[in-house]
Every structure is written in structure tokens, then in C-alpha cells.
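Asker: Got a sequence here, can you build the structure:
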Amino acid sequence: MTSFRDAVFVTVLVATAACHGDGSVLRVSGTVEIRELQLAPLASGRLTRLLKDEGDTVRRGDTIAVLEQPGLEALISQRRAQAQAAAERTAEITAAVADSQRAANDLRRAVPLHESGVISAQQFETLTSAAAAAAARLQAVRAATRDSAAARAGVLATEAIRDQLTVIAPDDGIVLSRFADPGEALATGTPVISLGLVHRPWIRAYVGDRYVGRVKVGAAVTVRPDGYDRAFSGRVVEISSRAEFTPRAALTERERADLVFGLKVELDSADAGGRVKAGMPVTVEIPLLP
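Answerer: Model (predicted):
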């Protein structure tokens, strides 16, 4: 069964398919469209705050929603403490290097003295053990430096997860739909709201196959919204590379056999987004090539 929304869509397509011209200008019907973004968190969690609702105006950078993961803040605190402890151990490197160099120098000087019998075997063994212990301590401290880097990376990773639990508006717009409520558990990529970029509307129209060869991308057009006493300038930014049939609900048998090509028209007027609305019917005047 065809829904009311589908019936409206078919009616719009019928209107857009009806095109006529006077030889140099083609007039076609079209409808205003807006881009729609579905905003979702990049990490799973429980929705704790939803700051925007349907119909609210949103600015770029506004916080839309905040989620949480149980235990995430505790994990961040733990890793910060580990990173701090590892960083404090790196301060021992300078002392460990000095101790290792001193022990190594003592052992090197003791080798000829031991061979000549100036120092005893026990003394030489003590110096050897001290040099080995100093070298081992230096290696341990250097390993702590690597641990510190790993700990810092762990902190950054967990903080990145926390950042991904906040949904930020990427552009200005209006909230069209809300898909979740506070308290719901959301998986990664589950949409929270739908954001309509109403400040950048565009026009979807259709041109018959008899005229598509005379329309070029970049052509300047005039858009006349129904019920307005002014027109807006625009340009053709896309011509569909694939033909399609006009809807079955077209008025005549001949029109049902016509092929049409979709056009995408962007408006040049800066204030067009505040005047034309999604779904508004318009007339597009397109200059034809000879």
C-alpha cells in the first residue's frame, strides 16, 4: 500500500518532470532539498545528557549529547597516576648514568692493578660486582622511560575515548529528528539526532531527454519559489549521468514514456537558507545552449 509520504513524493516527481521552454530558456519545476546529517557518538556508552531537541537551532561546535562509560574516569585517573610515577622515575636516569660510568671507570683502572697484584682478587671482584650492578640499574631506569611513554600514550587513548562520547555539531542547522533519550545505551555509530543544514538548500529538478543535451553544468539559473515575489540566482552543479522514467502516475501515456535526467541546482543567495524551506516547490529557469 502506498503511504501518504510516498504519494506526496510521486506528486512532486510528476511536477518536476513537466518541463517547457520558449527555445532559449527552459522552465522546469523542482523542489527545495536540504542536506541531512545523522550525528552519532564514536564510542558506545549510556546517554546521560541530550542538550538539543527537535526544532532547536544548532551552531557549529555546540554540544549535542554526552554519553558515559562506567569506570572510564577511574581508568583515566589510574593511568594518569601510572604516567606520573613513571615520569618521576625518569629523573633517576642522570644519577644512574653517572654511577654506571664511575663504576665502569673504576673497573677499567683496576684491571692492570689486579694483573700486577697491586689489588687483591676480592677487591677486584667487588669492583666488578659494583660495575655490573650500576649497569643493571641504568638499564632498569631506561626501561622506566619507555614505561613512561607507554603510560602517557595510555592516558591519551582513554581520554580520546571520553572525547568520542561527546557529540558535537559539525555545522549550523536545525534538529529535524531525535532518535534517543537520556538513559539509553547506545552502540558506536548509533544516531542521536538528525541535523538539517537549512542554511545551504539546493534544488532537485528533472529535465527531459530532449533538452538535457542543451543544459550544461555551471549554467546560471533563476529560481522562483511559489508564493514569493522575488527570485534567487543559482547554478547547475550536477546533471545525472543516468536516465530514469517519469513516474507511473504521470498524466499522459506519452509522458510515461519520457526519460528524464536529474539536475542539482545550488542557490547563490546568502539569505536563501532563511527564505526557502525544504519541500517548497519552485520553478527553475535554465538557459539552453544553441
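Asker: Can you pull the phi/psi pair for the most centrally placed residue in the chain?
Answerer: Taking CA atoms, centre = their mean, the centroid of the chain lies closest to residue 170, which sits 7.6 Å from it. For residue 170, the backbone dihedrals are phi -80, psi -10 (criterion: degrees, to the nearest 10).
Asker: So it sits against residue 38, correct?
Answerer: No - using CB atoms under 8 Å, residue 170 is not in contact with residue 38; the gap is 11.3 Å. Just so you know, the C-beta spots here come from the backbone N, C-alpha and C atoms, and that holds for glycine as well.
Asker: What is the burial count for residue 34?
Answerer: Counted by other CB atoms under 10 Å, the residues lying close to residue 34 total 20.
Asker: Test my guess that it contacts residue 276.
Answerer: No - no contact is recorded between residue 34 and residue 276 when judged using CB under 8 Å, the distance being 9.4 Å.
Asker: Using the record's assignment, carve the chain into domains.
Answerer: Annotated domains of the chain cover 4-69+174-287, 72-164 [automatic domain parsing].
Asker: circling back: name the residues contacting each of residue 34 and residue 276.
Answerer: Common neighbours of residue 34 and residue 276 (criterion: CB atoms under 8 Å, 6 or more residues apart in numbering): residue 201.
Asker: what bits of the stretch 1-150 of the chain have low per-residue confidence?
Answerer: 1-23, 87-98, 106-107, 114, 138, 140-148 (pLDDT under 70).
Asker: what about 50?
Answerer: Scanning the stretch 1-150 of the chain for pLDDT under 50 picks out 1-21.
Asker: residue boundaries of the helices in it?
Answerer: Taking DSSP state H, counting those that start in this stretch to define them, one finds helices in the stretch 1-150 of the chain at 4-17, 72-90, 93-115, 121-164.
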